[in-house]
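1. Below are the sequence and a predicted model for it; my questions follow.
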Amino acid sequence: MIRGRWAPSPTGLLHVGSARTALTAWLSVRSQGGVFIWRTEDLDSDRVVRDAEHEAMEDLRWLGLDWDEGPDVDGPGGPFRQSQRIPVYDRALARLYESEFLFPCSLSRADVREAVSAPEGNGLAYPAHLRPSVVRPDWFENPIAEESVRFRVDPGLVTFEDRLFGQVSTDVSSETGDFVLKRKDGIYAYQLAVVVDDAAMGITEVVRGADLIDSTPRQILLYRALGEQPPAFGHIPIAVSPDGDKLSKRHNSLTIRSLRDSGVDPGDLCGYLAWTLGLIEQRRPIQPRELVAAFAWESLTRDRLIVPNSLVDILNGLQ
Ligand code: GLU
C-alpha cells in the first residue's frame, strides 16, 4: 500500500511554492491509489503561529486537495500533530541510546563554529574530534539543560535515488558531522521527529521541497540506526521571488490566502502550478483530480519556479 504525506510546519500562511509541493505529493499518491496523510510539524513552539494549521487546511481544500488521515480526520497512525507525539520520540531516542549512537553535547553552535576552522569543515559540521572524551554515566537518564543530544555519524557515503534529481551521494560525516536529535531546551529536532513519524505512519514515499534534500542522507542514517526501511524520496524544486529569494513572510502577495482574497479561481491557480511543474503543456484552468490519471514523475521539471510579483494579475487575466 502506498502511503504519502504532507508535513507542513504551521509557521505562517502557505505560499505558492508550498502549494505546488503539496499538489505534487497529493498527485503522486492519488495516481497510485494510495493513502494521503496530513501531519502537522509543530514541535518548535516558538515558531508556531496560531491558526496556521487551520488556514493551511482551508487553503489546500480550496485548491482541491484532500487527505485520508490527519489532525482533523484521525486515522490509525495518529495523533497527527507532532506536539502530541513526544512519547514516541522518547522511545525512539532511548533505542538509539541503547544502540550507542548518542552522546551529550554541551557546545553551542558558536563553540562548534569556532572549534572547526577551515580547512577542516564548513563551519557548521560537527567533526568526531569534538565528541566529549568523558561523559557522566547517567547523562541520558538524568539530562541537564546545558546539554543537547547528538547522533554519532561514521565516515562513509550515503546514497539514495531521488525521483526527480536522480542519484544523490553524501558523506554525512564531513558534510554535517554528528547532528543534534534533541536540543538543549528539550525540543526534539526535525531530523529525529520526521524519521520516527514517517516510519511509525508507514510512509512509503516522502515528497517535499528541494530545500530539504540535504537532510535526506542524515535521515537515512537514522532509518538504518532504528532498523527501519527508508521510504522513496522526491524533492520538488522550490519557488523563489524574481530577485531569487525563497518565498517568505515578505512575499505576502504570493500566499494562497492573498490570491484567494484577490478573487483568484482555484482552477486557475492549479493550472498555473501544473503548468510550471511540467504536467500540462499550456496554462489553463484545471482541477487537481483531472491531473491524477496522467501524472508522471518523468514529466516534472527540475527548475526552480520564479514567481512573478504580478502573479495575481496574471491569474485574474489582467496581464
Ligand atoms: N515540516 C517541514 C516544512 O514545513 C517539512 C518536513 C518534511 O516534509 O519532511 O518545511
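-> All right, it came through fine. Numbers count the residues shown, from 1 in each chain.
2. Spell out which parts of the chain neighbour the ligand.
-> Counting by Cβ under 6 Å from any ligand atom, the residues of the chain lying close to the ligand are 7-9, 41, 194, 208, 212. (Each C-beta comes from the backbone N, C-alpha and C, glycine too.)
3. ok, those vs residue 261, which is closest?
-> Minimum separation from residue 261 among the residues of the chain next to the ligand (Cβ to Cβ) is found for residue 8, which lies at 20.1 Å.
4. Quick check: that closest one touching residue 40?
-> Yes - the pair residue 8 / residue 40 is scored as a contact, 6.7 Å apart, by Cβ atoms under 8 Å.
5. more neighbours, those two?
-> Between residue 8 and residue 40, counted using other Cβ atoms under 10 Å, residue 40 has the larger neighbour count: 24 against 20.
6. Taking the stretch 201-319 of the chain, what residue is nearest to the ligand?
-> Minimum separation of the stretch 201-319 of the chain from the ligand (Cβ to the nearest ligand atom) falls at residue 208, amounting to 3.4 Å.
7. and that residue, what are its bridge partners?
-> On the basis of DSSP bridges, residue 208 is bridged to residue 235.
8. I'd like to know how far it sits from residue 259.
-> 22 Å (Cβ to Cβ, to the nearest Å).
9. These two: which has the busier surroundings?
-> Between residue 208 and residue 259, residue 259 has the larger neighbour count (other Cβ under 10 Å), namely 26 against 23.
10. who are the neighbours in contact with the more buried one?
-> Listed by Cβ atoms under 8 Å, 6 or more residues apart in numbering, the contact set of residue 259 reads 16, 269, 311-312, 315.
11. Return the member of the residues you listed nearest to residue 201.
-> Comparing the contacts of residue 259 against residue 201 with Cβ to Cβ places residue 16 closest, at 27.1 Å.
12. That closest one: neighbour count?
-> When neighbours are counted by other Cβ under 10 Å, residue 16 registers 22.
13. same deal with residue 191?
-> With other Cβ under 10 Å as criterion, residue 191 counts 19.
14. Name the nearest residue to it, sequence neighbours excluded.
-> Among residues not flanking residue 191 along the chain, residue 218 sits closest, at 5.4 Å (Cβ to Cβ, 6 or more residues apart in numbering).
15. And that neighbour, which helix or strand is it part of?
-> Per DSSP states H and E, residue 218 falls inside helix 216-226.
16. How far away from the center of its chain is that helix?
-> Helix 216-226 sits 15 Å away from the centroid of its parent chain (Cα atoms, centre = their mean, to the nearest Å).
17. One more: stretch 149-156?
-> Mean-position distance between stretch 149-156 and its chain equals 21 Å (Cα atoms, centre = their mean).
18. start the count at 7, not 1, going forward
-> New numbering, starting at 7: the last item is stretch 155-162.
19. thinking again about what came up before, for the helix holding residue 224, name the packing helices and strands.
-> If contacts are counted by 3 or more Cβ pairs under 8 Å, 6 or more residues apart in numbering; DSSP states H and E, helix 222-232 sits against helix 92-104, strand 154-157, strand 163-168, strand 172-177, helix 178-181, helix 196-206.
20. Can you name the secondary structure element that comes next after the first one?
-> It refers to helix 92-104. Next along from helix 92-104, by DSSP H and E: strand 108-111.
21. isn't the residue nearest to residue 197 right next to residue 179, touching?
-> No - contact between residue 224 and residue 179 fails when scored by Cβ under 8 Å: they sit 10.7 Å apart.
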